[in-house]
Structure formats: C-alpha cells, structure tokens
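1. Let me see the structure of the following:
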Amino acid sequence: VLTNGSRNVAGSAFLPQLYGVARGFDIMFKLQLQRSADTCQFHMLEGGDDTFCSFRGGHGMALVLIGHVNGTDLLSSGAPLGAGGSGLGYDGIPNSIALELDTWHDIERGDTYNNHVSVQTCGSAPNSAHHNFSLGATSDIPNMADAQQHLVRVRYVPDAPQQLLAAMSTTCVLQVSPYAAQSLPLSTTYGAIYVFVDDIHNPSLLIPVHLPALLQLDDNKAYVGLTAATGDPAQSHTVSWLYVSVTTQ
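-> A predicted model of the protein is given here:
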C-alpha cells in the first residue's frame with residue numbers, strides 16, 4: 001500500500017537491488033486505486049441548476065527508474081520520495097524517468113485529462129510532473145480510478161527496429177512530444193518505451209527514447225520503484241505485485 005486513502009499523503013517503495021536496465025527491461029505490476037468516500041467533483045451544467053457528481057480520487061502514482069551513480073547508496077536513508085499532491089511522489093527526484101498514472105486533472109501541471117499516462121524526465125536534473133517535460137502521453141486507456149485491478153506493463157527495447165517505429169507512426173500510439181524531439185540525440189540509434197494498460201500485447205503508448213543518453217546509468221544500472229500521492233482529492237494506491245525482467249546480453 002503506497003497510500004491508504006488519507007488526504008495530503010505520499011508514499012514510495014523501491015526494490016533493494018539494482019537492475020541493468022540499459023540493455024532492455026520488461027516491468028509489470030498490478031495496481032488498484034480506490035477513492036475515498038468523501039471525494040467528489042461537482043459540475044454545474046449550463047442552462048439550469050442541474051448538477052452531477054463525478055466520483056474520482058487523486059492524485060495518482062508512478063513507476064520510477066532512478067539511475068545508479070557509482071559510490072552512492074540511494075536507499076541508505078529509506079525509499080526516495082519526491083513532492084506529494086500533483087507531484088505524485090516522483091517530482092523532484094533527480095536522474096530519474098517516471099511513468100505517471102495520473103487520475104486527477106491538474107491544470108497547473110499541464111494535464112490534458114483526468115485519466116492519463118505520461119513518461120516524464122528531466123534527464124539527470126530533478127524530475128518534474130509538469131507536462132512540459134513529458135516525452136509522450138495518452139488518455140486512451142481504461143479508467144484507472146474505478147476501484148478495479150489493472151495490469152500495467154512497461155517495456156524498454158534499446159534498439160527498436162526502425163520499421164516497427166515507422167509502422168507505429170501511422171497510429172496515435174506513437175508519441176514524440178516537442179520536448180522528446182529536443183531530448184533525442186541525433187546520432188544515436190533510438191530505442192523505445194512501450195506502455196501497456198490491461199492489454200499487455202497491444203501498447204497504449206510508444207515513445208522513441210535512448211535511455212543511456214537521458215540518465216546517468218553507471219554500470220548500466222538503475223533502481224526500480226513506485227511512488228504515489230494524494231492531495232485534497234484522495235484515494236488509496238495499492239500494488240499487489242511487481243515483476244522486473246532485464247536483458248542481460
């Protein structure tokens with residue numbers, strides 16, 4: 001349990017070992033987000049006094065990879081945790097890349113919808129949950145705030161075939177944000193991050209990326225963990241299991 005449904009809390013959990021992520025990885029986890037009973041958004045409809053109440057919790061959670069720097073033990077003082085609220089617990093963590101699973105519409109963060117996934121990084125600098133630093137995002141996913149269990153898969157392939165990227169570019173699944181285009185090194189063979197929600201065979205999001213060019217990854221390794229946060233809108237963030245596989249050759 002990353003958060004228990006209380007307001008204005010944040011939590012994180014990281015696996016104790018380092019993973020060689022630069023050569024490729026496949027991560028899967030099962031999450032369940034359940035709103036607090038007193039969380040409700042009210043909307044006044046035009047042309048009358050009719051209102052409806054949309055029950056959603058906030059703010060969301062993130063899968064976070066933090067690059068390993070030789071000579072440092074990142075977990076020596078506990079699991080890393082960034083800003084709470086709309087920061088989802090990862091905002092401010094340096095040398096990291098995060099897949100945010102956001103269930104609340106934060107206009108100040110540049111969110112386009114209240115139910116979306118986005119890959120966020122500021123390279124070796126402290127990460128930011130603002131969508132100015134999104135490599136790609138989509139809201140074309142199942143409702144994650146429905147109190148049901150959802151399976152999320154994140155796969156990184158360091159040398160994604162160009163023909164695959166070309167084929168995926170004909171759909172809205174491939175995302176290259178202006179920030180991502182600026183961050184991609186021109187002389188590097190691109191890899192790709194695939195994001196799957198519930199359907200683990202057909203990605204909801206595909207982003208060209210070269211992970212070693214973004215993060216400092218001494219020995220090609222990183223820490224893997226999860227963060228979550230609530231604000232005035234609250235919900236519990238529960239992960240029932242986490243599976244990590246890395247490519248060794």
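2. Excluding residues flanking it in the chain, which one is nearest D106?
-> S86 (4.2 Å; CB to CB, 6 or more residues apart in numbering). Yep, even glycine has a C-beta here, placed from its N, CA and C like the rest.
3. ok, that neighbour touching A129?
-> Yes - S86 lies in contact with A129 (CB atoms under 8 Å); the separation is 6.1 Å.
4. Looking at those two, which is more packed in?
-> A129 (30 against 23; other CB atoms under 10 Å).
5. Assumed the more buried one was part of a strand.
-> No - assessed with DSSP: H, G, I helix; E, B strand; the rest coil, A129 is coil; it does not lie in a strand.
6. which residues are common contacts for S86 and A129?
-> Taking CB atoms under 8 Å, 6 or more residues apart in numbering as the criterion, S86 and A129 both touch R109.
7. Low-confidence stretches in this protein?
-> Within the chain, the segments meeting pLDDT under 70 span 36-55, 161-176, 181, 183-189, 249.
8. If you count neighbours, what's buried in stretch 145-156?
-> Buried residues in stretch 145-156, counted by 16 or more other CB atoms under 10 Å: 145-146, 150, 152-156.
9. typed the wrong thing, it's stretch 78-93
-> Quick answer for stretch 78-93 (16+ other CB under 10 Å): 79-93.
10. Now the residue nearest the centre of the chain: which helix or strand?
-> With distances taken as CA atoms, centre = their mean, the residue of the chain nearest its centroid is L99 (1.5 Å). Per DSSP states H and E, L99 falls inside strand 96-102.
11. now for that strand, which elements pack on it?
-> Packing contacts for strand 96-102, counted by 3 or more CB pairs under 8 Å, 6 or more residues apart in numbering; DSSP states H and E, involve strand 60-67, strand 116-121, strand 149-157.
12. For that strand, which strands pair with it and how are they oriented?
-> If you go by DSSP bridges, strand 96-102 pairs up with strand 60-67 (antiparallel), strand 116-121 (antiparallel).
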